[in-house]
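Asker: Provided below are the primary sequence and the corresponding predicted coordinates.
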Amino acid sequence: QVQLVESGGGLVQAGGSLRLSCAASGNILTINTMGWYRQAPEKQRESVAGITSGGSTNYADSVKGRFTISRDNAKNTVVLQMNGLKPEDTAVYYCNSNLVVDELPPKIKDYWGQGTQVTVAS
């Protein structure tokens, strides 16, 4: 089985910083992309940032210049450094990974973490 375990959410004042981490474990052959999504109350889940195995990144316009995504391929981890947080960043943040599962035959699947709450107070 494959698991994504997140950590690092919490409550912070506007302008503050938080660092989210996600570790993938299990029968993984290789990880293609890793990323972060978020879902605010009564809103659809949206992509925040993503990173490929080669290090190419993409960001939602709303977080460009404030958030930075990085990954450690050897440890199967991804980190989202969030600076300059705003109240509108308040949401549950989910880690996502598209990876190849080590089974016969190998399969490409998407996995999600359990979510971590980020609350930004004004």
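Answerer: In hand now; what should we look at? Numbers count the residues shown, from 1 in each chain.

Asker: do you know how far the spatially most distant residue from the centre of the chain is from D89?
Answerer: Centroid-distance maximum for the chain: L104 at 28.0 Å, with C-alpha atoms, centre = their mean. From L104 across to D89, the span is 42 Å (C-beta to C-beta, to the nearest Å). Backbone N, C-alpha and C define where each C-beta goes, glycine included.

Asker: just to revisit the earlier point, what helix or strand does the residue farthest from the centre of the chain sit in?
Answerer: Following DSSP states H and E, there is no helix or strand that holds L104.

Asker: in the chain, which residue is closest to the centre?
Answerer: Residue closest to the mean C-alpha point of the chain, counted by C-alpha atoms, centre = their mean, is W36 at 2.7 Å.

Asker: ok, and the closest non-adjacent residue to Q13?
Answerer: Distance criterion C-beta to C-beta, 6 or more residues apart in numbering; nearest residue to Q13, sequence neighbours excluded, is A121 at 5.4 Å.

Asker: surely the one you found touches L85?
Answerer: No - at 9.5 Å, A121 does not count as touching L85 under the criterion of C-beta atoms under 8 Å.

Asker: between those two, which one's more packed in?
Answerer: Between A121 and L85, counting by other C-beta atoms under 10 Å, L85 is the more crowded of the two (22 against 11).

Asker: what about the residue lying closest to that one once chain neighbours are set aside, neighbour count?
Answerer: Leaving aside its chain neighbours, L85 sits nearest to V120 (4.6 Å; criterion: C-beta to C-beta, 6+ apart). Using other C-beta under 10 Å, V120 has 20 neighbouring residues.
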